[in-house]
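Trainee: Sequence and computational prediction follow.
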Amino acid sequence: MDILQAMRVFTRVTDSGSFTAAAQVLGLSTAQVSRLVSELEASLSTRLLYRTTRRLRLTEAGERYLQRCREILAQVEEAAAEASGAHLTPRGRLRVHAFTGMGTQYLVPLVARYTERYPQVDVDLTLSQRTPDLLEEGHDVLITHSRELPDSDLVAQRLGSIYSVVCAAPAYLRERGVPQCPEQLREHRCLRLVDPVYPGDWVFEREGEMQVISPGQTFQVNVSEAMVQAAVAGMGVCLLPSFVAAKALREGGMVRLLPEWQLHERNLYALYSSRRFLDAKIKTWVELLKVDLPRILERDSADLDNPAYWA
């Protein structure tokens, strides 16, 4: 027996005053309506209605049960309306994960813009140096970057591309000289950024030519913002993701080296679980990323390609 359907039938019978009238409203036969009410009474081991040939009357237990049925059915309808409207109106908690540097530089300002536009959404932004399992850890959207499309059952929206940039502090370069080619970096103190996305070696590419430089072990750190501080302090030459390097160059603490070479280009993706019945908060967040992130990436790329920031 479908208990909710039986509750609906029982409530309709009491409202309409007869099995026949309830059957007409519900699109059932009178026998079906009578059987459902009888099965409901049997399941409860309680008589809910006194039946005569002319009228129906609620028992005392039936009056109490009717009130409960109305409350339960109202809550079920409210829950259904809320769930079915989840793909229409952004509301609730949006859980986003990203790598630390990416989240700090790009996503925090975009979250502020998003919550201003959709005040019924609360955003839980998690930043770390690993790629979590989206479903197991309860995230709605992962922002990640890789050379190729991630191999998974998740939906992937490409948001643009990022790459790496070699930088150093002007004071360091005045003392040690400016390298003119990747090979000359072997004469410099190269700092190691330990990052799960980027390889340990620095892979320089230009028109089919490739050169590989291994940074030293004298200093290494796993957060790019900390690497900026070390390089600005004159500790050596560093390799930074473009979204961190652009800010550092604009602030004047470092300059770019070897701009004619390409390093570690990666695609930037938003990953989420399904296109079907997509929750409105996920849909609107990804749409904002697709519009705003390419603009930010283009701005940073223009700064990185500006000779004013080169050594």
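Mentor: In hand now; what should we look at?
Trainee: Name the residues of the lowest-mean-pLDDT helix or strand in the chain that are buried.
Mentor: When the helices and strands of the chain are compared on mean pLDDT, DSSP states H and E, helix 60-84 comes out lowest with a mean of 84. Under the neighbour-count criterion of 16 or more other CB atoms under 10 Å, helix 60-84 has 62, 65-66, 69 buried. (Glycine included, C-beta is placed from N, CA and C.)
Trainee: Where do the helices of the stretch 51-200 of the chain begin and end?
Mentor: Applying DSSP state H, counting those that start in this stretch to the stretch 51-200 of the chain gives helices spanning 60-84, 100-102, 108-117, 170-176.
Trainee: Compare the ones you listed and give me the one nearest H145.
Mentor: Checking those against H145 by CB to CB gives helix 100-102 as the closest, at 7.1 Å.
Trainee: Contacts for the closest one, please.
Mentor: For helix 100-102, the external contacting residues (CB atoms under 8 Å, 6 or more residues apart in numbering) are 127-129, 143, 145, 223-225, 241, 243-244, 268.
Trainee: on that earlier part again, between the buried residues of helix 60-84, which is closest to H97?
Mentor: When the buried residues of helix 60-84 are compared against H97 (criterion: CB to CB), the nearest one is C69, at 43.1 Å.
Trainee: Looking at strand pairing, list the partners for the residue nearest the centre of the chain.
Mentor: Residue closest to the mean C-alpha point of the chain, counted by CA atoms, centre = their mean, is V141 at 1.8 Å. For V141, the beta-bridge assignment (DSSP bridges) gives partners V96.
Trainee: need the contact list for the nearest residue to R206 once chain neighbours are set aside.
Mentor: Spatial nearest neighbour of R206, chain neighbours left out: W261 (5.1 Å); criterion: CB to CB, 6 or more residues apart in numbering. Neighbouring residues of W261 by CB under 8 Å, 6+ apart: 166, 182, 204-206, 211.
Trainee: Specify which member of the contacts of helix 100-102 is nearest to P90.
Mentor: I143 (18.0 Å).
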